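**Q** The sequence and its predicted three-dimensional model are supplied below.
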There are 2 protein chains.
Amino acid sequence: MYKENNLSKNQQIIFDLINKSSEPLKAYTILFSVQKKGIKAPPQVYRALDKLVETGKIHKIESKNAFVACRNSNCEISKATAFSICESCEMVDEISDTKLSKYLSGFNHKKGMKFKRFNLEFFGICKKCKKD
Amino acid sequence: MYKENNLSKNQQIIFDLINKSSEPLKAYTILFSVQKKGIKAPPQVYRALDKLVETGKIHKIESKNAFVACRNSNCEISKATAFSICESCEMVDEISDTKLSKYLSGFNHKKGMKFKRFNLEFFGICKKCKKD
DNA sequence: TTAAAATTTGTTATAATATAACACTATGTA
DNA sequence: TACATAGTGTTATATTATAACAAATTTTAA
């Protein structure tokens, strides 16, 4: 079964949930939601999340300890991620900007460290919240 | 006492510890270290950390849940932070790069959201670890 | 096709990170 | 002074995450 779509049963259940969601989901929110599907304990959720992050199907929003589905088919397995986060409604949007991505991927540290990966989180107030 | 240096007693104790450290410190590591100075419970640590982050004296490394002293007097109270993180030795270095900072501060989201703040974390293997 | 290897699952317990709530003290300001 | 604001100390508890182990499933390759 695994080879068909690369995801195991638990991974698929959890990915589907995150993918359908309009907002980042936290691990224990996910756990609660999938209990009816037989996923009963935290390690089952965290293992699936780890794998999904590893394969780039989802991303972790570090400042929120929450997970979103990857909306950017070009993000090269999470090597270069950028998000905009609304500080009012908590909305998170993945930024797909080729220029930004290229600029940061090509950025070299003065001290000579070569980067393999980056994660960028922008914060502000989204359009919708500004109106209110 | 507060006005003299802007930091309260607990804030100063915790800032000094982080400032002296060569690596990011976690909240409970801090708690353990300052117990001899009379700081006994998590809320005391977290309150001081919150304030220090708020005033830009320290930064939180989100991917590690750990704290470092600000090494960049120009970072404008944590509105624009960037770090390089070694995935091998866990070393964290604050990046002060005017060009990078300007580029990101001026970045505008296609969807019209105006950003107030960003946090960028680069990952790789540091020079020292590469040699080993 | 079958045995070994790798991956995934299920489970219990517990570790690590963080906040709520309340009473009280110290400091800044009118 | 007296009032407001910020900080402290404390107990309890909420939230996030992993260790450890046994069993089942899937992949691989002989």
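**A** Received the coordinates, thanks.
**Q** ok, the residue positioned nearest the centre of chain A - contacts?
**A** The residue lying closest to the centre of chain A (CA atoms, centre = their mean) is A:H59, at 1.8 Å. A:H59 is in contact with A:V53, A:F67, A:V68, A:C70, A:S78, A:T81, A:F83, A:E94, counting by CB atoms under 8 Å, 6 or more residues apart in numbering or on different chains. To be clear about C-beta, it is placed using only N, CA and C from the backbone, and glycine gets the same treatment.
**Q** try A:K128
**A** A:C86, A:C89, A:M91.
**Q** Around the residue of chain A found nearest chain B, count how many other residues there are.
**A** Of chain A, the residue with the smallest distance to chain B, taken as CB to the nearest CB, is A:E62 at 3.9 Å. Using other CB atoms under 10 Å in any protein chain shown, the number of residues around A:E62 comes to 19.
**Q** Excluding covalently adjacent residues, which one is nearest to it?
**A** B:E62 (3.9 Å; CB to CB, 6 or more residues apart in numbering or on different chains).
**Q** A:S22 versus the one you found, what's the distance?
**A** Going from B:E62 to A:S22 by CB to CB, to the nearest Å gives 23 Å.
**Q** before we move on, back to that, among the contacts of A:H59, which are in strands?
**A** A:F67, A:V68, A:T81, A:F83, A:E94 (DSSP state E).
**Q** List the residues that contact the residue nearest to the second one when sequence neighbours are not counted.
**A** Closest residue in space to A:V68, ignoring its immediate chain neighbours: A:P24 at 4.9 Å, by CB to CB, 6+ apart. Taking CB under 8 Å, 6+ apart as the definition of contact, the neighbours of A:P24 are A:I61, A:K64, A:A66, A:F67, A:V68, A:E90, A:V92.
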